[in-house]
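>>> sequence isn't available, so here's the structure alone:
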């Protein structure tokens, strides 16, 4: 046999499959996964190729955790809070009520010890997790009627789930599980009162403003939402170190695109939604206060029930309580001043 | 001659030098450049190595643009607004008064056309520019006396330069150029009234709170400050495409670390500064308004003087005016609510 050149050993031809919880109908999310695959290929001269499949093609959208864990595919793109039913602690990898904003989340994960805790959480699932971007603060959803106070939430039939649904049910909301295709007719008929999705760019495609025109903010259950890359741990260990480094780097680099894409394109999408009849509203203060209180109660319960939930919770919340006051100083005062100054200039 | 294996052609051994405007005394900035070099090496199995030099070792801190342009070194880390004297338009690559915050800057550069404009600006200097992170909103600096209104700025001797100095001088401030080592004694003697630097993490090392205890925010001239990687265009063109892709990816990936590092570590640094005597103050509204007005005048003058300044200005400001109102909706309302809720909880 002819010995392979030394270089070939660090650059083997490897082909992976990646399954996503999203598809091309959600461009910022899906194109972030596409960019990740492209970056991995380009950095390895095409030797490490990852083929991306949209939700449902080889694995259902909510099947990513199992499919990666059992190596049906080597990797996947998803949001960990979809797996709230398996373990509420997974929400700390995506979003929790009154949690960190996008910058704070990045800082917690990469620079304040969050990653080690999350890796520990995913290890028993045979998954090595990497952040793959963030959506930023999401909107509070579409409502058929105005929410003037917390009493308007009593009996409100809202399509929501997971940790958000848990907290909302404590506030009187009746969370509904409805297939995506049924949301619009249900809002139209009034068998559904409200629905939450993402933000202007993604919401625009759904046309909810025609049947539930009140568009509330902020989505206090998603002050930011981190998207994740799951890699099967066995497949990861088999990679040469160079390819492992490329995955880490590409996940960071491609992840930046997601937030940038939303930030660049949400403003025009919101303007179009408003022109098309959406009525933009802030949640009343008493709704926010009730949500904050209900979240606090839910956290206490979850911490009492699960030691590992409590371990991540305490670390995450200590970081939040330290970083949020600082953000009010420089960032907050700057953003607030500039927002007001530009609004006054227009008058 | 023996033909080299095909793989070797895409993985040649290449060694570059990188010079920085910073040194190890500014850990978030310098360690971002270190991480960039590490990522490039790891992604290429050590075949593409970039050796980093701190400011002053082979090139002075403010010599990065010339050194990269004439290929004294192949690449460098710097902030483009240091080169205001060569061309005020370079500030759009870092920070301008009442400009974009860190997330907005990222979105403008990568997702809204900013990069093409900046590349055009740097091309005549033989430089291919890449963002290499952001500091976030900087502080407004250290002042010996309280600034109660804009009249307290009249005749104020402040260490500042560039675009900020230009605007401040319109507000009555007398900008001073003083070598770093002379700042502390000058503040102590009172021959200097104020100094601006970065934010808590970097400011803490300088001890200014002992001689100029009023610590103002926000740094309206640096709502965020992007740091840049400059690559000599000839050196860049000689790279295999794989290495070009690795540079782009590593600059995005390592760049994220800078903001994360500041966000994670500024809160504790600020608490220590306050414990050590710093008095945290917001600029009064009339100072902010005067700064906004003076900036507007400076922009008008610069646009009238330079076509290419105007071209970038108009694009950048159109993006700002579109994105800032959107940030007030979701992000702003969420951050503001959470900040207040956590402050009330402590009481």
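Received it, and whenever you're ready, just let me know what you need. It should be emphasised that the depicted structure is a prediction, and the values quoted were computed from it without experimental measurement.
>>> quick check, stretch A:169-184 touching chain B?
No - on the criterion Cβ under 8 Å from any Cβ of the partner chain, stretch A:169-184 is out of touch with chain B, staying 15.4 Å away. No exception for glycine: its C-beta is placed from N, CA and C like everyone else's.
>>> show the end-to-end separation of that stretch, please.
This stretch, stretch A:169-184, spans 22 Å end to end (Cα to Cα, to the nearest Å).
>>> now it: buried residues?
Within stretch A:169-184, the residues scored as buried using 16 or more other Cβ atoms under 10 Å in any protein chain shown are A:170-171, A:173, A:175-176, A:183-184.
>>> what's the closest of these to residue A:343?
residue A:171 (31.6 Å; Cβ to Cβ).
>>> chain B versus that closest one, what's the distance?
Distance from residue A:171 to chain B, counting by Cβ to the nearest Cβ, to the nearest Å: 15 Å.
>>> look up phi and psi at that residue.
phi -100, psi 0 (degrees, to the nearest 10).
>>> filter the buried residues of stretch A:169-184 down to the ones in helices?
Applying DSSP state H to those, the entries found in helices are A:170, A:183-184.
>>> helices of the stretch 151-300 of chain A, start to end?
With DSSP state H, counting those that start in this stretch, the ranges of helices along the stretch 151-300 of chain A come out as A:162-170, A:180-189, A:200-203, A:233-238, A:241-275, A:285-305.
>>> is it possible to export the buried residues of stretch A:169-184 to JSON lines including pLDDT?
Converted to JSON lines, these look like this (pLDDT from 0 to 100):
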{"residue": "A:170", "pLDDT": "97"}
{"residue": "A:171", "pLDDT": "97"}
{"residue": "A:173", "pLDDT": "98"}
{"residue": "A:175", "pLDDT": "95"}
{"residue": "A:176", "pLDDT": "93"}
{"residue": "A:183", "pLDDT": "92"}
{"residue": "A:184", "pLDDT": "94"}
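>>> now flag whichever of the ones in helices among the buried residues of stretch A:169-184 is closest to chain B.
residue A:170 (16.7 Å; Cβ to the nearest Cβ).
>>> who's in contact with that closest one?
Neighbouring residues of residue A:170 by Cβ atoms under 8 Å, 6 or more residues apart in numbering or on different chains: A:294, A:297-298.
>>> what do you get for residue A:127?
Residue A:127 makes contact with A:65, A:68-69, A:230-233 under the criterion Cβ under 8 Å, 6+ apart.
>>> then residue A:277?
The neighbours of residue A:277, taking Cβ under 8 Å, 6+ apart as the test, are A:209-210, A:213.
>>> how many degrees apart are the strand or helix carrying residue A:325 and helix A:285-305 in direction?
According to DSSP states H and E, residue A:325 maps onto helix A:307-327. Helix A:307-327 and helix A:285-305 are oriented at 140 degrees to each other (axes from the mean of the first three to the mean of the last three Cα atoms, to 10 degrees).
>>> show me what the helix or strand following helix A:307-327 is in contact with.
Using DSSP H and E, the helix or strand that follows helix A:307-327 towards the C-terminus is helix A:333-346. With contacts defined as Cβ under 8 Å, 6+ apart, helix A:333-346 is touched by B:98, B:101, B:137, B:217-220, B:223, B:282, B:288-289, B:292, B:320-321, B:324-325, B:327-328, B:331-332, B:335-336.
>>> thought residue A:81 was touching residue A:90?
Yes - checked against Cβ atoms under 8 Å, the pair residue A:81 and residue A:90 is within contact range at 6.2 Å.
>>> what helices or strands is the helix or strand where residue A:120 lies leaning on?
Using DSSP H and E, the element containing residue A:120 is helix A:114-122. For helix A:114-122, the packing partners by 3 or more Cβ pairs under 8 Å, 6 or more residues apart in numbering or on different chains; DSSP states H and E come out as helix A:102-111, strand A:127-134, helix A:307-327.
>>> which non-adjacent residue is nearest residue A:106?
Distance criterion Cβ to Cβ, 6 or more residues apart in numbering or on different chains; nearest residue to residue A:106, sequence neighbours excluded, is residue B:260 at 5.0 Å.
>>> number of residues surrounding the one you found?
24 (other Cβ atoms under 10 Å in any protein chain shown).
>>> residue contacts, it?
Applying Cβ under 8 Å, 6+ apart to residue B:260 gives the contacts A:103, A:106-107, A:110-111.
>>> please check these and keep the buried ones.
For the contacts of residue B:260, buried by 16+ other Cβ under 10 Å: A:103, A:106-107, A:110-111.
>>> could you export the residues you listed as a markdown table, including distance to residue B:22 and pLDDT?
Formatted as a markdown table, those follow (distance: Cβ to Cβ, whole Å; pLDDT from 0 to 100):
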| residue | distance to residue B:22 | pLDDT |
| --- | --- | --- |
| A:103 | 22 | 98 |
| A:106 | 22 | 98 |
| A:107 | 20 | 98 |
| A:110 | 20 | 98 |
| A:111 | 18 | 98 |
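>>> redo those as JSON lines? Include distance to residue B:76.
JSON lines is the format used below for the buried ones among the contacts of residue B:260 (distance: Cβ to Cβ, whole Å):
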{"residue": "A:103", "distance to residue B:76": "26"}
{"residue": "A:106", "distance to residue B:76": "26"}
{"residue": "A:107", "distance to residue B:76": "26"}
{"residue": "A:110", "distance to residue B:76": "25"}
{"residue": "A:111", "distance to residue B:76": "24"}
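>>> now, which of these sits nearest residue A:31?
The closest of the buried ones among the contacts of residue B:260 to residue A:31 turns out to be residue A:106 (Cβ to Cβ; 19.7 Å).
>>> hmm, residue A:132 and the closest one touching each other?
No - counting by Cβ under 8 Å, residue A:106 does not reach residue A:132; the two are 11.8 Å apart.
>>> now the common contact residues for those two.
Shared contacts of residue A:106 and residue A:132 (Cβ under 8 Å, 6+ apart): none.
>>> give the contact list for the closest residue to residue A:240 other than its chain neighbours.
Distances taken as Cβ to Cβ, 6+ apart place residue A:10 nearest to residue A:240, at 5.2 Å, with adjacent residues excluded. Counting by Cβ under 8 Å, 6+ apart, residue A:10 touches A:240, A:242, B:45.
>>> the closest residue to residue A:299 other than its chain neighbours and residue B:60, how far apart?
Using Cβ to Cβ, 6+ apart and skipping residues adjacent in sequence, the residue nearest residue A:299 is residue A:313, 6.3 Å away. Separation of residue A:313 from residue B:60 (Cβ to Cβ, to the nearest Å): 49 Å.
>>> please say which of the two ends up with more neighbours.
Using other Cβ under 10 Å as the criterion, residue A:313 and residue B:60 rank with residue A:313 on top: 20 against 13.
>>> what does the stretch 151-300 of chain A put close to chain B?
For the stretch 151-300 of chain A, the residues in contact with chain B (Cβ under 8 Å from any Cβ) are A:199-200, A:217-220, A:223, A:240-242, A:245-246, A:248-250, A:252-253, A:255-257, A:259-261, A:263-268, A:270, A:280, A:282, A:288-289, A:292.
>>> show the buried residues in these.
Taking 16+ other Cβ under 10 Å as the criterion, what is buried in these is A:199-200, A:217-220, A:223, A:240, A:242, A:245-246, A:248-250, A:252-253, A:255-257, A:259-261, A:263-267, A:270, A:288, A:292.
>>> right, I'll leave it there.
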